[in-house]
Structure formats: C-alpha cells, structure tokens
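**Student:** sequence below, structure please.
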Amino acid sequence: MAAKTIPSSTSLSVSALVLTFLLCISSNVQRSSAAITATKNSTKTYTNFLKTACNSTTYPQLCFKSLSSYTSTIKTSELKLCSTSLTVALKASSNTSKLVKSLAKNRGLSKIEAAIIRDCIEEIGNSIDEIKQSLKILGNLTDPDREYQIDNMKTWVSAAITDQNTCTDGFDGRKISYAVKRTIRKSIVNVARLTSNALALINKLS
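**Tutor:** Next comes the predicted model:
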C-alpha cells in the first residue's frame, strides 16, 4: 500500500497566502465597484440639481452650460450655486472689460466711438464692483439678517445688470462702426445674461 502524502507546513502556508491574496483582491474589487457606483449616483444627483435650478432662470441653456463644469463644487447647495454663478458672471465681466479696454487703444476710432467706449469701460467697471459686493454679502450671510442681506444682494446684482445694459444703450442713434458695435454688444449680452441668471438663482434663496 502506497504511503499517504502529508502536505508540508510550507505548502499549507503558501496556499493560505494565495487564498488571502485572492480574498483581498475580491474585496478591493467590490469596494471599487461600490465607489464607482456611488460616484456615478452622486454625479447624476448633482447634474439633476443643476438642471432643475437652471430651468428657473431666464436663460436655462446658458445657465447649465456655464455651470456644468462646477457640479462637483456646487453639489446640491443653493448657496454654492449662487456663489458659483456670480463668480462666473464676474469672470465674464472682467474679460469683457479687458476686451473693451483693448478696443479703446484703436487709433482709428472716431470721437463718438472713443466716448462710447470710455462710458462702457466705466459702466462695466461699476458692474464688476457690484458683483463683487454681492459675493461679499453672500459669503457672510447670517440667520438673523438673512432676508435683509439677500435683498441687498439682489439690489447689487440688479444694479450690475443695469450698468451692463447702459453700455450698449449708448449705441442707439449714434454713428459707430459695425465691427466695434458688434464686438462690444456680443460680449455685453453674454455678461448680462449670466448676471441675470445669477439673480434668478439668488431669488430662489428667499
């Protein structure tokens, strides 16, 4: 009769290590899968929140397009949504200011065009200050004065929109080149719409 082969302690140890390793891999895969699923669910939740919020604005498509890259920051926070929308409007305003200032350096401008551009630079500068003031208020909201602060914020944002529109109002009935008018109007319209969307989102806070 053949003698039975008894596994050595070394073989048992190797088998145990292999089994432990396989169990660890399986556990890690399960955890990774769960994490991926949770991330996908969160992303969908954040996107749906933004879509719903943007549907209450005057320009919903622009709202979603301008804010969709910030969903991981906004998540489902109305305050972060308002803060981000104001920040986006502020950045656009700053870019518009740079654009208009660059046009002011054009030596081929007529006196009327130069005057209109100077006025635009001032109006855009005012709107930038007003949006900054709104962000400052938003960053310091307190419960006792919350409604009062939100009303102040609305006033500042509304003033910013007025200043932005005043810039393009200066074109009416005055001789100004099509190229200058088109360049400024296109940029201002975008800024005014972004700021208008921010105001709509702020209105939901109260």
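
**Student:** show the backbone phi and psi for residue 145.
**Tutor:** Taking degrees, to the nearest 10, you get phi -110, psi 20 for the backbone angles of residue 145.

**Student:** distance of it relative to residue 114?
**Tutor:** The gap separating residue 145 from residue 114 is 44 Å, by Cβ to Cβ, to the nearest Å. Placement of C-beta: from N, CA and C, glycine included.

**Student:** what's the answer for residue 125, then?
**Tutor:** For residue 125, the distance to residue 114 equals 17 Å [Cβ to Cβ].

**Student:** tell me which helix or strand residue 86 sits in.
**Tutor:** Per DSSP states H and E, residue 86 falls inside helix 78-104.

**Student:** cool, and residue 76?
**Tutor:** Using DSSP H and E, no helix or strand contains residue 76.

**Student:** again, but for residue 107
**Tutor:** Applying DSSP H and E, one finds residue 107 in no helix or strand.

**Student:** now it, what are its backbone angles?
**Tutor:** Residue torsions, per degrees, to the nearest 10, at residue 107 are phi -70, psi -10.

**Student:** from residue 96, how far off is it?
**Tutor:** 22 Å.

**Student:** same deal with residue 148?
**Tutor:** Counting by Cβ to Cβ - residue 148 and residue 96 are separated by 31 Å.
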